[in-house]
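Enquirer: output the structure for:
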Amino acid sequence: MPTRIRQLEREDLDEQQTRIHDAILESRGDINGPFRVWLNSPEFADRAQKLGELLRYHTKLERRLTELAILITARSWDCQLEWTLHEPLALEAGVDAAVVEIIRLGQLPEFERQDERIVYDFASELLYNRFVQDRTFVAAREELGESGVVDLIGVIGYYGLVAMTLNACQVPLPKGMAPTLVDCPTFK
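Expert: Take a look at the predicted model:
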């Protein structure tokens, strides 16, 4: 299925877009996800990819907690591509496979690690209730520190932007990749 907005290939790009494309490729190793759509607006693509690089690779959060927050966000948006790309990354980062499966099913997981429970509660409240209760916020601040809470909010917000882009533009999975969010209603 074609996307609603062109996913630009490198040969389609002007000089500014090529520079941004190459920076994304160097930072991430691939150009999957929203990036080839975002290149239609080069300044947006440049700033968004820099924010994404910061939030994915350079926060105070452990990679395991970042990937957990990304999965919670992907599930809340029913974003097939975001989930399918990040599920193996979350497992590789140390998120328990049973926790991943329970989140995929939209159920409440049980956590062995307190920091994961706190990230789950914070992200879920923010995404589903659009608000974080005082007790949840305090627990997150005590566990992650103030900068960690800000980083967590940033990860949730950025990957919400990614999910909105992927869903609105109906960006398909890369060729040969099977969907893992099998009950995803966003598009067929």
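Enquirer: okay, now the unreliable bits of the chain?
Expert: Counting by pLDDT under 70, the chain has low-confidence residues at 1-3, 185-188.
Enquirer: now do 80
Expert: 1-3, 182-188 (pLDDT under 80).
Enquirer: need the longest helix for it.
Expert: helix 134-168 (DSSP state H).
Enquirer: do a quick rundown of the helices in this protein.
Expert: Taking DSSP H, the helices of the chain run over residues 15-28, 35-38, 42-57, 63-76, 80-93, 97-104, 114-124, 134-168.
Enquirer: name all residues that make contact with P174.
Expert: Going by C-beta atoms under 8 Å, 6 or more residues apart in numbering, P174 touches N32. (Glycine included, C-beta is placed from N, CA and C.)
Enquirer: would you list the phi and psi of it?
Expert: For P174, the backbone dihedrals (degrees, to the nearest 10) come out as phi -60, psi 150.
Enquirer: any idea how far it is from R4?
Expert: 17 Å (C-beta to C-beta, to the nearest Å).
Enquirer: ok, for E9, nearest residue in space, not its chain neighbours?
Expert: R36 (7.5 Å; C-beta to C-beta, 6 or more residues apart in numbering).
Enquirer: just want the angle from the longest helix of the chain to helix 42-57.
Expert: For helix 134-168 against helix 42-57, the angle by axes from the mean of the first three to the mean of the last three C-alpha atoms, to 10 degrees is 140 degrees.
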